[in-house]
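1. 3D, please:
(one chain, ligands or ions: 1)
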Amino acid sequence: MSTAVLGLQWGDEGKGKITHLLARDADVVVRFNGGPNAGHTVIDRGVKFGTHLIPAGAFHPGTLSILAGGMVVDLEVLAGEISQIADHIGRVPDLMVAENSHLILPYHRLLEELEGSGAHFGTTRRGIAPAYRDKAAKVGIRAGDLLRPRVLEERIDRRLALLKRLWPESAEMQALSASGLATELLKAAKPLIGSIGDATGRIAGALAAGKRVLFEGAQGALLDIDHGTYPYVTSSSTTFAGLGNSIGIPSPEVTRRIGVLKAYTTRVGEGPFPTEMGDPLGSELRERGGEFGVTTGRPRRCGWLDMVAVRHALFVNGATEIALTKLDTLSGVEEIKLCCAYELDGTTIDRFPLAAEALERCEPVYEVLSGWGESIDGAGRFEDLATEAREYVQRVEELTATPVGIVSIGPAPEQTIHRKL
Ligand code: IMP
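-> The predicted structure follows:
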């Protein structure tokens, strides 16, 4: 049976914990989108990790981790994560990198700086958009190019020549050389070279053999390049719709599609956010929930749960269930608001507007639920949760017509309630 873990908001839903938990029972874990812009917090045997590229399977012995074709890979970041995890688990994780995944080069990161924040709306500054842009413009460098050093250098040379013409005033750009970049890439890739190959074949083989494959998404539906709040989005397909394309398998049979939903909403970077909270509650929740970016350390904007956005996210993911995370962070909040519809130019709507300009004008229509005072982070079963906490979960189920199969009440793996659906 295959499972996918997908974000239902603007990222930072707690997918890291959920994938790490489910990866225990997986034979293969496939990360399918994005790059080191992601920041997944994982607690493995008491040690906290903030991973960016490596799939959660890397923590578990006997599990193969695959970085799929739809990703953009920064080799230095990956090499760093491999050695960190190898030190922790006492062996090098079993890894595969798709030959058709794209590489992030130093000039991609530099381009984000040179073009300025106005061009990319507060990105993570990891070179993500320039790398995906090069991919679409057919001037990208792929992991498979590392297997043919001459081709690698030729491709970099061609790309760099144009970039140097475009940025004559950038001393940093002018200082780059194709041979230097190729040498650096090959050095960083050394421990990986034998792992670069036909990921599609490997994943298809695993699925056909009935292996348990876990697909790990990064970011969230509202950051999807096509179905998110464009242009305040990332550059990859973050939803289930993009999964098939990334792995090269049309309509892969994934029976369990888990949409991860934080019990409130956060967003880093710019863009419309109808349910954004004012202070002091916003900053209180930020402190309590540790809402600071894993990748950039930026404070996250906080807001109430937005069921209009969530219904859209569930739909584009074809999600079969919800994993509700960080419910414990809401303990002590007296009244909890749930946004059920929007008012847009005098009309009540329940469809999520795709145009950022329309979303900016949307006023949330809230229903208010009672909060709970007691701490819930030690509950072992759903029945042990405070009555109001259970009512909150049940209301989410009603408003989305989707079951909540997992409730997370703290960062540790044990602080997780699995419900029978
Ligand atoms: P980029 O992905 O670095 O191009 O950034 C584009 C937008 O997506 C920015 O608003 C980022 O803050 C946001 N973003 C990208 N990755 C993540 C993530 O993993 N969590 C939350 N926000 C993200």
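
2. which element is Leu338 on?
-> strand 335-344 (DSSP states H and E).

3. Which single residue of this structure ends up nearest the ligand?
-> Closest contact between the chain and the ligand, by CB to the nearest ligand atom, is at Gly269 (2.2 Å). For the C-beta atoms, the positions are set from N, CA and C on the backbone; glycine is no exception.

4. How confident was the prediction at the residue nearest to that residue when sequence neighbours are not counted?
-> Distances taken as CB to CB, 6 or more residues apart in numbering place Gly122 nearest to Gly269, at 3.6 Å, with adjacent residues excluded. pLDDT for Gly122: 80.

5. what does this structure have sitting close to the ligand?
-> 10-12, 37-39, 122-124, 126, 128-129, 218-219, 223, 234-235, 268-269 (CB under 6 Å from any ligand atom).

6. So which of those residues belong to helices?
-> Taking DSSP state H, the ones among the residues of the chain next to the ligand that sit in helices are Ile128, Ala129.

7. Just the buried residues from the residues of the chain next to the ligand, in PyMOL please.
-> Filtering the residues of the chain next to the ligand down to the buried ones (16 or more other CB atoms under 10 Å) takes a single PyMOL command:
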select buried, resi 10+11+12+37+38+39+123+124+126+128+129+218+219+223+234+235+268+269
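
8. Please narrow the residues of the chain next to the ligand to those residing in strands.
-> Among the residues of the chain next to the ligand, no member is found in strands (DSSP state E).

9. What distance do you get for Gly201 to Pro231?
-> Distance, Gly201 to Pro231, using CB to CB, to the nearest Å: 36 Å.

10. Oh, that last question was meant for Ala341, not what I typed.
-> 25 Å.

11. quick one: which of those two has more around it?
-> Ala341 (17 against 12; other CB atoms under 10 Å).

12. and that one, what is it in contact with?
-> Contact partners of Ala341, counting by CB atoms under 8 Å, 6 or more residues apart in numbering, are Val308, Thr348, Ile349, Asp350, Pro364, Val365.

13. quick one: least confident of those residues?
-> Least confident of these in the model: Asp350, at 95.

14. Need phi/psi at that one.
-> Dihedral angles of Asp350 (phi, psi; degrees, to the nearest 10) stand at phi -120, psi 10.

15. That one: what's it in contact with?
-> By CB under 8 Å, 6+ apart, the residues touching Asp350 are Val308, Arg311, Cys340, Ala341, Tyr342.

16. same thing with Ser65?
-> Listed by CB under 8 Å, 6+ apart, the contact set of Ser65 reads 28-31, 54-58, 93-96.

17. at 6 Å instead, please
-> Val29, Pro55, Gly57, Ala58, Leu95 (CB atoms under 6 Å, 6 or more residues apart in numbering).

18. same thing with Gly39?
-> Neighbouring residues of Gly39 by CB under 6 Å, 6+ apart: Gly50, His52, Val294, Thr295.
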